[in-house]
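> Sequence and predicted structure, then a few things I'm wondering about:
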Amino acid sequence: HMLNLTMAFVLSAAYPEKAAEIKEAKSASQVFGTVSIPPEKVSPEFAALPSCIIDDLVELLEYLHNTRAGPDQESDLFDRIDRDLLIVMLVFVLGSGDHIRNPSVRGKATTIMTAVAKMKNYSQRIEKWDFCVRNMIPSCVRVFTAVEKTKQSYYDIRMHLKYQLRMPIMELFEKLMELSEHKNCLKRFAEAESEDFLKFTNLMINDATYQLEEGLDTLLEVRKREREVGEQPEESGAAGVGVNREVDESEDMNADGQDMFRRSRHDPKEHCRTYMKMGHRTLRTLWSMSREAPQVVTGAPIVLQQMLQNCLNACLDRLVGPKCLELKAKNAQRQDFEAYEFHPKKLLTFLAEMYVALAREDRDKVVHIVGEDTRNYKPQTFRKAIKILARENFIPAAALDDFRAFVDYLIQSASAQQAAMDAVEIPDEYLDPIMAEIMSDPVLLPTSKNIMDRKVIERQIMSTDEDPFNRQPLKKSDLIPQDDLRKEIHEFCAKHNIKIDDD
């Protein structure tokens, strides 16, 4: 009863217009079922609340979750709490960044929400209740992107908060993506709040790329040490052995002064396991999004390029490219990938199915972006992937046929594109100054006066909000289209049979 009263008190302060309805209402759903998360503004009533009220409330809920009878059982106290009131309260904490600024509290709320979403009494309500359909996925997106803006140390952001906060968020997000009502909400959100959605997807792609690269680099270093000493490495080394990064150990302390990643920092095997688990989790969420709602990815050229080139192409090259054998143990008979949480079969299956799902939505666009990746695209890598998938029966025959058809068309198109570009000299002013690729939509940066391709500079803005040439603040709305140059570039490409994005 005390928990119900506290949650009702906090929510009535956040939505003061609803306070008078609480006395007459028969249930919380009658009062808060129609609200939107987050509230339009922080009310004076909420601003006057001590932050410890919400902190203590979330900690108590976390305690109830942590004291369950077994790993697959939850405290029966959750059945005694007003279900709808608890759901509204947790979604409010997740999605209201202006109200709840403490990332640790939002992280704990994420873990609790993920746990209650598995309880039958709560899961059915989360799946069908209109309040959840409208607010759950947008709140997941907002709390996911909020992590990047917290004023924490580098390692606290990259490790502690992403492991504690983003992993449960992705688990919940993936579960919701399988439901048609929530899937449609994601589509609407991607259209109505395109900037928030682009940042969310861009951050998730960056996470997957970074986590998998760190895990694979660490595994390569482990293999190198095995070859040098003839045995498995002992617990010695430093964090990020794959990239040889120096670490200030004090930055890995949490709020209670505990060293969160001591073992990971000093044990290469544990360091590899940590990043591999995160990388697999993040890529699985991207796979789910590509499979369930491919149009929200292909409809955003910047996101699509990031996913295909920086994530899928790069990961495929690491898995089956020229240096893939370096990932195996010195003793070919010893299969120890699972000891490092490295599951190449699953990763390769994810990649193949993601290429196919996105290509079904817009084959020509996907093929063009994959083929223009001069760093990671190699025809022999894709052919080898087909051979491995066919030999090991990783995916159903129909899916393999789809991937083979995609690869055949990709290789043919990329070869024709390269031949067309080799046959002509491309003027320097048509090339992006950073990527050295033909610009499809040139824009002027107002402070530095440089001209860049829109998709390149918008990707930069999503990460830093700065002009890369002078570090001055820069927003998407500041970019000045160069229509005459754009027309000139497109006419040049059409004349010489060079394919270029029309977006």
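It's in.
> wait, is residue 452 part of a strand?
Yes. Secondary structure assignment (DSSP: H, G, I helix; E, B strand; the rest coil) places residue 452 inside a strand.
> How many neighbouring residues does it have?
Here the number of neighbours of residue 452 (other C-beta atoms under 10 Å) works out to 25. C-beta here means a position set from N, CA and C on the backbone, and glycine is covered the same way.
> Tell me who's in contact with it.
432-434, 439, 442-443, 445 (C-beta atoms under 8 Å, 6 or more residues apart in numbering).
> Let's see the pLDDT reported for it.
Residue 452 is assigned a predicted lDDT (pLDDT) of 96.
> Ok, residue 161 next?
56.
> Same question for the one 3 residues further on.
Listed pLDDT for residue 164 reads 62.
> are any of the contacts of residue 452 buried, and which?
Using 16 or more other C-beta atoms under 10 Å as the burial test, these include 432, 439, 442-443, 445 as buried.
> Next step: those residues restricted to strands.
For the buried ones among the contacts of residue 452, the ones inside strands are 442-443, with DSSP state E as the criterion.
> Of the buried ones among the contacts of residue 452, which is the nearest to residue 345?
For the buried ones among the contacts of residue 452, the minimum distance to residue 345 (C-beta to C-beta) is 37.2 Å, reached by residue 432.
> show me the contacts for the closest residue to the closest one other than its chain neighbours.
Take residue 432 and drop its neighbours on the chain: the residue closest to it by C-beta to C-beta, 6 or more residues apart in numbering is residue 453, 4.3 Å away. Under the criterion of C-beta under 8 Å, 6+ apart, the contact partners of residue 453 comprise 432, 435, 437, 439-443.
> Against residue 48, how distant is residue 453?
In this view, residue 453 and residue 48 are 49 Å apart by C-beta to C-beta, to the nearest Å.
> CSV please, covering the contacts of residue 452 and showing pLDDT and distance to residue 29.
CSV is the format used below for the contacts of residue 452 (pLDDT from 0 to 100; distance: C-beta to C-beta, whole Å):
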residue, pLDDT, distance to residue 29
432, 93, 52
433, 93, 55
434, 91, 52
439, 92, 52
442, 95, 52
443, 96, 48
445, 96, 50
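> quick revisit: the buried ones among the contacts of residue 452 into CSV, with extra columns for distance to residue 23?
CSV is the format used below for the buried ones among the contacts of residue 452 (distance: C-beta to C-beta, whole Å):
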residue, distance to residue 23
432, 62
439, 62
442, 61
443, 56
445, 57
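> and which of the buried ones among the contacts of residue 452 is nearest residue 227?
Closest to residue 227 out of the buried ones among the contacts of residue 452 is residue 432 (40.9 Å), distances taken as C-beta to C-beta.
> Determine the longest helix present in this protein.
In the chain, taking DSSP state H as the definition, the longest helix is helix 194-229.
> Distance from that helix to the middle of the chain?
Relative to its parent chain, helix 194-229 has a centroid offset of 12 Å by C-alpha atoms, centre = their mean, to the nearest Å.
> Kindly spell out which helices and strands sit in contact with it.
Under the contact criterion of 3 or more C-beta pairs under 8 Å, 6 or more residues apart in numbering; DSSP states H and E, helix 194-229 touches helix 130-146, helix 180-192, helix 268-292, helix 301-305, helix 314-320, helix 454-464.
> And the contacts of residue 453, which is closest to residue 166?
Nearest to residue 166 out of the contacts of residue 453 is residue 435 (C-beta to C-beta; 28.4 Å).
> Quick check: that closest one vs residue 453, distance?
7 Å.
> what stretches of the stretch 51-200 of the chain score poorly on pLDDT?
Across the stretch 51-200 of the chain, the ranges flagged by pLDDT under 70 are 68-75, 148-164.
> buried ones in stretch 475-487?
The neighbour-count check on stretch 475-487 (16+ other C-beta under 10 Å) flags 478-479, 482, 485-486 as buried.
> Averaged pLDDT, that stretch. What do you get?
Mean predicted lDDT for stretch 475-487 stands at 93.
> Equivalent analysis for stretch 353-363, please.
The average pLDDT within stretch 353-363 is 94.
> any residues touching it, and which ones?
The contact list for stretch 353-363, computed with C-beta under 8 Å, 6+ apart, reads 286-287, 290-291, 294-295, 297-298, 304, 307-308, 312, 366-367, 370, 395, 399, 402-403, 406, 409.
> how far does that stretch sit from the chain's center?
Using C-alpha atoms, centre = their mean, the offset of stretch 353-363 from its chain centre is 19 Å.
> Number the residues from 302 up from this point.
Shifting the count to begin at 302 puts that one at stretch 654-664.
> now what about stretch 490-508, what contacts it?
438-439, 442-443, 445-446, 449, 463, 467, 471, 579, 583, 586-587, 590, 597-598, 600-601, 603-604, 607-608, 611-612, 760, 763-764, 777.
> rewinding a little: in PyMOL, how would I select the buried members of the contacts of stretch 654-664?
Applying 16+ other C-beta under 10 Å to the contacts of stretch 654-664, the buried members can be selected in PyMOL as follows:
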select buried, resi 587+588+591+592+595+598+599+605+608+609+613+667+668+671+696+700+703+704+707+710
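> Many thanks, have a good one.
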